[in-house]
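**Student:** Turn this into a model:
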Amino acid sequence: MAIPRTVREDFPILRRRVHGKPLVYLDSAATSQKPRQVIEALVRYYEEYNANVHRGIYAIAEEATARYEEARGKVAAFIGARRPEEVIFTRSTTEALNLVAYAWGLHHLREGDEILLTEMEHHSNLVPWQIIAAMRGATLRFLPFDEEGFLVLDDLERVLTERTKVVAISHQSNVLGTINPVAEIAERAHAVGAIVVVDGAQSVPHMPVDVKELGCDFLAFSGHKMCGPTGIGALYGRYELLEAMPPFHGGGEMIQLVHLHTSTYKDPPWKFEAGTPNIADAIAWGVAVDYLSGIGMEAIRVHEKELVRYALNRLQEMGEVKVYGPRDVERRGSAIAFNVADVHPHDVAQVLDQEGICIRAGHHCTQPLHRRLGVAATARASFYLYNTEEDIDKLVAGLQRVRELFSRVPR
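**Tutor:** This next block holds a predicted model:
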């Protein structure tokens, strides 16, 4: 089923003009735009039933609690969790990954243990493990990627050993677009007794994701990349693992009994949600899940593959543009990193901005990946359900403008 062009009408910001030009938003890998339905859900909460959850016994507090927990159920169902209690609300993918690193890693890793990562990880799935490894005397090991941008699975036998306790891997690279074979890696990781932590920030918004099919133990992802508000994310964890983990934060609402010297804690997920949660954004995220489910994640995936195929072909037609990552659209997502010869990515982005086109430029929180590519930075265009081939045509026209401008600059 094709996504109708009328979907764009649900996103008020797409009517905006920037520098006198119609807005062309090509930075959904950083954050997605929000449909009217999500915006209205936020306003409705604050106007009609703004109250704290799990506390008050008056009507609007009970309504807020019911909607908050209803949103948890929607998010859990969206990723195929076995029960809503396997979903912990966090601020972001970053906080979710830190939660695992500290609440599981700090208490299970010992000196000589190994943590296996990949060379394409976002800093959010790298830095926390660096910190925990230093604290516990564990060793970091890395699975490399090849010239096409695929993980070198033949190296798994070398880097995955009986000492490996954690395998932390991105489901989809935010730079290369590579979709990694998580299920295969998870099976091999479990065979040596390791847990599998998946960064799903770039995959969950763009394709059907089922944690049972992935075989992961933990999955981290964010609401703001999937048409939801900022400041809300989630950690999926297998319930028996969550049950055995200590809290990440201490405070109100995560306790059963508190004495002066000791406390006991609630069951998951509430054990990990200390203090007043991000109620409004969680509820609105539930509405975003409804919105995406109504369109269909398979339809979104097909739409994005068509856009990526078209974009790769158009960019290949241009001289002096180098694209990074796989060319096979079946094995990659909708983020395309590229460079224009002899033009810094920041200059590319600035010229495109004057044309009303929004892209990302920099190292995209993946400095080791960029060192592996031999570049300091890249430009990145990323697509979502509201983008069209016309947006890509405008990107290409903008890049031609970049080349025209910088061809006049003495070198």
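**Student:** CA atoms for contacts and neighbours, from now on please.
**Tutor:** Fine.
**Student:** Tell me how far the spatially closest residue to Thr161 that is not a sequence neighbour lies from Pro326.
**Tutor:** Nearest non-adjacent residue to Thr161, counting by CA to CA, 6 or more residues apart in numbering: Val192, 6.6 Å away. The gap separating Val192 from Pro326 is 30 Å, by CA to CA, to the nearest Å.
**Student:** Please apply the same query to Asn278.
**Tutor:** To Pro326, Asn278 is 38 Å away according to CA to CA.
**Student:** what sits against the residue nearest to Thr161?
**Tutor:** The contact partners of Val192, by CA atoms under 8 Å, 6 or more residues apart in numbering, come to Leu160, Thr161, Glu162, Thr164.
**Student:** Mind pulling the model confidence for the residue lying closest to Pro35 once chain neighbours are set aside?
**Tutor:** Distances taken as CA to CA, 6+ apart put Phe11 closest to Pro35, at 4.4 Å, once the chain neighbours are dropped. Note for Phe11: predicted pLDDT of 98.
**Student:** Let me know whether Phe11 touches Val38 as I believe.
**Tutor:** No - checked against CA atoms under 8 Å, the pair Phe11 and Val38 is beyond contact range at 9.8 Å.
**Student:** neighbour count winner among these two?
**Tutor:** Val38 (25 against 18; other CA atoms under 10 Å).
**Student:** which element is that one on?
**Tutor:** Element membership for Val38, per DSSP states H and E: helix 36-48.
**Student:** just to revisit the earlier point, what's the closest of the contacts of Val192 to Phe406?
**Tutor:** Leu160 (47.1 Å; CA to CA).
**Student:** Pretty sure the closest one sits against Leu116.
**Tutor:** Yes - Leu160 lies in contact with Leu116 (CA under 8 Å); the separation is 7.1 Å.
**Student:** ranges for the helices of the stretch 101-250 of the chain?
**Tutor:** Remark: helices assigned in the stretch 101-250 of the chain by DSSP state H, counting those that start in this stretch are 106-108, 127-136, 156-159, 182-191, 211-214, 239-244.
**Student:** give the contact list for Pro247.
**Tutor:** Shown in contact with Pro247 (CA under 8 Å, 6+ apart): Ala103, Lys271, Phe272.
**Student:** And the residue nearest to the last one when sequence neighbours are not counted, what's its pLDDT?
**Tutor:** With CA to CA, 6+ apart as the measure, Pro247 is the residue that lies nearest to Phe272, at 5.5 Å, once sequence neighbours are left out. At Pro247 the predicted local distance difference test score is 95.
**Student:** now Phe221
**Tutor:** 98.
**Student:** Tell me how far it lies from Ser92.
**Tutor:** Going from Phe221 to Ser92 by CA to CA gives 7 Å.
**Student:** same question, Ala134
**Tutor:** From Ala134 over to Ser92 (counting by CA to CA), the distance is 24 Å.
**Student:** Which one's more surrounded, these two?
**Tutor:** A direct count of neighbours by other CA under 10 Å for Ala134 and Ser92 places Ser92 higher, at 21 against 12.
**Student:** count of residues packed around the closest residue to that one other than its chain neighbours?
**Tutor:** Once flanking residues are discounted, Ser92 sits nearest to Gly233: 4.0 Å by CA to CA, 6+ apart. Neighbour count of Gly233, defined by other CA under 10 Å: 28.
**Student:** do the same with Ser28
**Tutor:** 26.
**Student:** Give me the pLDDT for it.
**Tutor:** With respect to pLDDT, Ser28 has a value of 98.
**Student:** same check, this time on Val409
**Tutor:** With respect to pLDDT, Val409 has a value of 56.
**Student:** any idea how far the residue nearest to Lys271 when sequence neighbours are not counted lies from Arg158?
**Tutor:** Among residues not flanking Lys271 along the chain, Met254 sits closest, at 4.5 Å (CA to CA, 6+ apart). Distance, Met254 to Arg158, using CA to CA: 42 Å.
**Student:** Neighbour count: the two, which is higher?
**Tutor:** For the pair Met254 and Arg158, the greater number of neighbours falls to Met254 (21 against 10), based on other CA under 10 Å.
**Student:** So the more buried one is in contact with Pro277, correct?
**Tutor:** No - if you go by CA under 8 Å, Met254 and Pro277 don't touch, sitting 11.0 Å apart.
**Student:** before we move on, the earlier item: for the contacts of Pro247, which one is nearest Gly374?
**Tutor:** Ala103 (35.5 Å).
**Student:** Could you count how many residues lie near the closest residue in space to Glu213 that isn't next to it in sequence?
**Tutor:** Leaving aside its chain neighbours, Glu213 sits nearest to Ala183 (6.8 Å; criterion: CA to CA, 6+ apart). Here the count is done by other CA under 10 Å, and Ala183 has 17 residues near it.
**Student:** Over to Leu109?
**Tutor:** Leu109: 22 neighbours (other CA under 10 Å).
**Student:** ok, for it, nearest residue in space, not its chain neighbours?
**Tutor:** Nearest residue to Leu109 in three dimensions, chain neighbours excluded: Arg136, at 6.3 Å (CA to CA, 6+ apart).
**Student:** Ramachandran angles for Tyr310?
**Tutor:** Per-residue torsions, Tyr310: phi -60, psi -40 (degrees, to the nearest 10).
**Student:** Now do the nearest residue to it once chain neighbours are set aside against Glu306, distance only.
**Tutor:** Once flanking residues are discounted, Tyr310 sits nearest to Glu389: 7.2 Å by CA to CA, 6+ apart. Using CA to CA, Glu389 is found at 9 Å from Glu306.
**Student:** Okay, domains of this protein per the record?
**Tutor:** Following automatic domain parsing, the chain resolves into domains at 5-30+296-407, 39-294.
**Student:** Check the separation of the first and last residues in the last one.
**Tutor:** End-to-end distance of domain 39-294 (CA to CA): 17 Å.
**Student:** just for the chain, where's the confidence low?
**Tutor:** Residues of the chain meeting the criterion pLDDT under 70: 1, 408-411.
**Student:** In contact with the residue positioned nearest the centre of it: list those residues for me.
**Tutor:** Among the residues of the chain, the one closest to the centroid is Ala201, at 1.2 Å (CA atoms, centre = their mean). Residues near Ala201 by CA under 8 Å, 6+ apart: Thr93, Gln172, Ala220, Phe221, Ser222, Lys225.
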